[in-house]
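In: Model the structure of this input:
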Amino acid sequence: MDKPDPKYFDYAASVPPFREVLDSFIKISQIYFANPSSIHSQGRKAKKLLFELKKEFCDLLHFYDGRLMLCSSATEANNTIIEGCLRRFPEKKILIAEDAHDSVWYAINRYPKRTSVLKINPNGKIDEDQLIKSLSKDTVLVCLNHVCSETGTIHNVDRLAYICQSREIKILIDGTQAIGHIPLNLNDIPCDYYTFSAHKFGGLRSSGGIFMRTSNFEPLLFGGMQEWEMRGGTENLAGLAAAKTALKRNLEIQSSEMTRLNTLGQRFTRQIREKIPVVIVNSPQNGLPGLISISVPGMKGNEIVAALSLSGYSLSTGSACHANHEEPSRIILARGLNDNEATGTVRISMGYGTTEESLDGLLKAILEYIS
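Out: Down below sits the predicted model:
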């Protein structure tokens, strides 16, 4: 598509698909419509393309020593590994990072006796020493983000994964906010599972997957022989083609976009601190380019988002999965903010349609509402 509405500031929730992505999806859907599991010639052609696309997609991220298992989303991917490990190892426990996405964090409430929390420090980072202290002989899996979806904090996942690997503990990294947005070489990250959703980098919804180096878990979905009998259901061939097209496009513009979004983000942060001295900036300076979380003490993030929506601006209070909740974010609270401060949190996430003019307009709208 052409560049999206410049007033759209919710790229962390979903990136508008590129025009070539839509074209790719339509083309593959029309030509390779057969089921890859069918043994007739059309089915065999679809299966051949499936293998080719998987390899090409993996190569773009330098993933050479494992398999790509397709599924519908990062939520399904994360659930698959967590539920599968808990069933495969009924006596073991899982360690979950405090800033994990809800598709991972749910296990804390669902399996309180089989999960524990890996704390983040006041800067939002996962400390290596803290990880080591949190591991036990019963830990079978560690779950963490590559990039925090609410603050944009980038974790040193290569080091954290190495710690787990050296102790023969499996690690699941949620790469939903990382793929396509920051340089990524999976060959340098010794993780067992790395998950993603294509619509987070300009692909299409209901298209995700797991880069996995082991399949030591019980399947979540049954009823088919697909994906090495690890995930039943006809493969989304067109969705994979669209995801590869989106990732390739992102990698082509990644360096320039990171520089541009960093500049915009730093400018916005500086200006809002000058105009609203009490504002708390939750995002680190070296975090995900273009993602800024701010908290305005004494205000409600939901009300700020609703008011700005009337002026055409689209932003959020945090992860879209719990955007309608009025309770302060557990991730923002974990950074040391109190309820009064954390309740006034909004997330501004920029992308390829963001302009300096639209960002200035957003700042003006925020100031007008707060005043």
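
In: Show me which positions of stretch 48-60 end up buried.
Out: Residues Leu49, Leu50, Leu53, Lys54, Phe57, Cys58, Leu60 are the ones in stretch 48-60 that count as buried (16 or more other CB atoms under 10 Å). For the C-beta atoms, the positions are set from N, CA and C on the backbone; glycine is no exception.

In: can you list those in TSV and add distance to Ser38?
Out: Output for the buried residues of stretch 48-60, formatted as TSV (distance: CB to CB, whole Å):
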residue	distance to Ser38
Leu49	13
Leu50	12
Leu53	17
Lys54	18
Phe57	23
Cys58	24
Leu60	28
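
In: Which stretches in the stretch 201-350 of the chain count as helices?
Out: 226-229, 237-275, 301-310, 330-334, 339-342 (DSSP state H, counting those that start in this stretch).

In: Need the residues that contact the last one.
Out: Right, helix 339-342. The contact list for helix 339-342 (CB atoms under 8 Å, 6 or more residues apart in numbering) reads Ile280, Ser295, Pro297, Gly298, Pro328, Ser329, Ile332, Leu333.

In: what's the closest of those to Cys71?
Out: Nearest to Cys71 among the contacts of helix 339-342, counting by CB to CB, is Ser329 at 26.6 Å.

In: still on that earlier bit, restricted to helices, list the buried residues of stretch 48-60.
Out: Judged by DSSP state H, helices contain the following of the buried residues of stretch 48-60: Leu49, Leu50, Leu53, Lys54, Phe57, Cys58, Leu60.

In: Would you agree the last one is in contact with Ala246?
Out: Meaning Leu60. No: look at Leu60 against Ala246 with CB atoms under 8 Å: they stay out of range, at 10.5 Å.

In: How many residues are close by Leu61?
Out: Around Leu61 there are 21 other residues, counting by other CB atoms under 10 Å.

In: check contacts around it.
Out: Ile179, Leu184, Asn185, Leu186, Phe211, Leu247.

In: Look up the pLDDT of Gly223 for me, please.
Out: Note for Gly223: predicted pLDDT of 89.

In: Same question for Ser319.
Out: Per the predicted model, pLDDT is 58 at Ser319.

In: Give me whichever of the helices of the stretch 201-350 of the chain is most buried.
Out: Looking across those with neighbours counted as mean count of other CB atoms under 10 Å, the highest average goes to helix 330-334: a mean of 21.

In: and the helices of the stretch 201-350 of the chain as TSV, adding mean pLDDT and distance to Phe196?
Out: Output for the helices of the stretch 201-350 of the chain, formatted as TSV (pLDDT from 0 to 100; distance: least, CB to CB, whole Å):
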stretch	mean pLDDT	distance to Phe196
helix 226-229	92	15
helix 237-275	97	8
helix 301-310	96	26
helix 330-334	95	20
helix 339-342	96	28
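
In: Make CSV out of those and add distance to Glu128.
Out: Below are the helices of the stretch 201-350 of the chain laid out as CSV (distance: least, CB to CB, whole Å):
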stretch, distance to Glu128
helix 226-229, 34
helix 237-275, 25
helix 301-310, 32
helix 330-334, 18
helix 339-342, 27
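
In: Regarding this structure, what is its longest strand?
Out: strand 139-145 (DSSP state E).

In: Tell me the helices and strands packed up against that strand.
Out: When contacts are defined as 3 or more CB pairs under 8 Å, 6 or more residues apart in numbering; DSSP states H and E, strand 139-145 packs onto helix 74-88, strand 93-97, helix 157-166, strand 170-174.

In: can you redo the ones you listed as a markdown table with mean neighbour count and distance to Ile370?
Out: Shown next, in a markdown table, are the helices and strands packed on strand 139-145 (neighbours: other CB atoms under 10 Å; distance: least, CB to CB, whole Å):
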| stretch | mean neighbour count | distance to Ile370 |
| --- | --- | --- |
| helix 74-88 | 21 | 34 |
| strand 93-97 | 22 | 32 |
| helix 157-166 | 18 | 36 |
| strand 170-174 | 26 | 33 |
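
In: Please name whichever of these is nearest to Arg273.
Out: strand 93-97 (28.3 Å).

In: counting contacts, what elements does the closest one pack onto?
Out: helix 74-88, helix 102-110, strand 115-118, strand 139-145.

In: What are the structural domain limits within this protein?
Out: As assigned by automatic domain parsing, the chain contains the domains 19-249, 254-370.

In: Pick out the shakiest of these, pLDDT-wise.
Out: The lowest average pLDDT among those, as it happens, falls on domain 254-370, at a mean of 93.

In: just to revisit the earlier point, quick one, which of the contacts of Leu61 are buried?
Out: Looks like these have Ile179, Leu184, Leu186, Phe211, Leu247 buried, using 16+ other CB under 10 Å.
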